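> just coords:
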């Protein structure tokens, strides 16, 4: 809890995240649930937010499974010697869409974005149809961000060093890939790991973080969507 008078924090409680190595948190649009991605556990969990702000025991936990991607990314930069994160399942991010009807999460090791229907009364995830969409083998989806218009989703691949634009069908919770661009400048050769992706509040720019290259790639709206 935040003391608004002096900014001090008060610990309310501690609960288990539903897996090992929790790496990402987001609050469901209803404000009633916390969504958690567990990197080493390869799982995602739904935790109820109680009236006083404390957290309850998980109402649902889903564990990722499937075929792991290769150690070499399909779109790795030329000359890359970066070590791949495809040793096991790695849930890296989880977030609901604006309506709260669907929840998406990425698994870097499986090279997939999973899509769930969300029961906002029970806090339960149910597989959508289709249940997931695949990225190029080994590219390693890490984070994603919705455009303010709710119709586009941008996914950044940690080892592929690229950004994929998806058209998002909000009525059915479906993704359709439309464009792929590199997060790096033309001609770059060497190792790089992408980190974060962010669409500007006005929807005009996509920002992509590059580690090892140590840069932020900025793409204007006209270069990534029409």
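Right, received. Where do you want to start? Just so it is clear, the model here is predicted, and its values are computed rather than measured.
> Please report how far the closest residue to residue 106 other than its chain neighbours lies from residue 11.
The shortest distance from residue 106 to any residue other than its chain neighbours is 4.3 Å, reached at residue 141 (Cβ to Cβ, 6 or more residues apart in numbering). Backbone N, C-alpha and C define where each C-beta goes, glycine included. Here residue 141 is placed at a distance of 33 Å from residue 11 (Cβ to Cβ, to the nearest Å).
> neighbour count winner among these two?
With neighbours defined as other Cβ atoms under 10 Å, residue 141 and residue 11 compare such that residue 141 has more, 30 against 7.
> Give me the pLDDT for the more buried one.
With respect to pLDDT, residue 141 scores 97.
> Show me where this structure dips below the pLDDT cut-off.
For the chain, residues meeting the criterion pLDDT under 70 lie at 84, 221-226.
> can you do 80?
Screening the chain residue by residue with the criterion pLDDT under 80, one finds the ranges 81-85, 221-226.
> now the helices: where do they sit in it?
Using DSSP state H, the helices assigned to the chain run over residues 221-224.
> what's the single longest strand in it?
Ranked by residue count, the top strand of the chain under DSSP state E comes out as strand 124-134.
> what helices or strands is that strand leaning on?
Judged by 3 or more Cβ pairs under 8 Å, 6 or more residues apart in numbering; DSSP states H and E, strand 124-134 is in contact with strand 43-48, strand 60-63, strand 112-119, strand 174-182.
> Just put the ones you listed in JSON lines and tack on mean neighbour count.
Shown next, in JSON lines, are those (neighbours: other Cβ atoms under 10 Å):
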{"stretch": "strand 43-48", "mean neighbour count": "24"}
{"stretch": "strand 60-63", "mean neighbour count": "18"}
{"stretch": "strand 112-119", "mean neighbour count": "21"}
{"stretch": "strand 174-182", "mean neighbour count": "16"}
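> Same list, those strands, but as TSV with distance to residue 6 please.
What follows is the helices and strands packed on strand 124-134, written out as TSV (distance: least, Cβ to Cβ, whole Å):
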stretch	distance to residue 6
strand 43-48	28
strand 60-63	37
strand 112-119	37
strand 174-182	45
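> Can you tell me the closest non-neighbouring residue to residue 79?
Sequence neighbours aside, residue 189 is the residue nearest to residue 79 in space, at 4.2 Å (criterion: Cβ to Cβ, 6+ apart).
> I'd say the one you found and residue 77 touch.
Yes: between residue 189 and residue 77 a contact is recorded at 6.2 Å, counting by Cβ atoms under 8 Å.
> Compare these two (neighbour count), which wins?
For the pair residue 189 and residue 77, the greater number of neighbours falls to residue 77 (23 against 10), based on other Cβ under 10 Å.
> returning to that earlier point: tell me which residues of the longest strand of the chain come out buried.
Residues of strand 124-134 classed as buried by neighbour count (16 or more other Cβ atoms under 10 Å): 125, 128, 132, 133, 134.
> For residue 162, find the nearest of the helices and strands packed on strand 124-134.
Distance to residue 162, taken as Cβ to Cβ, is lowest for strand 174-182 among these, at 5.3 Å.
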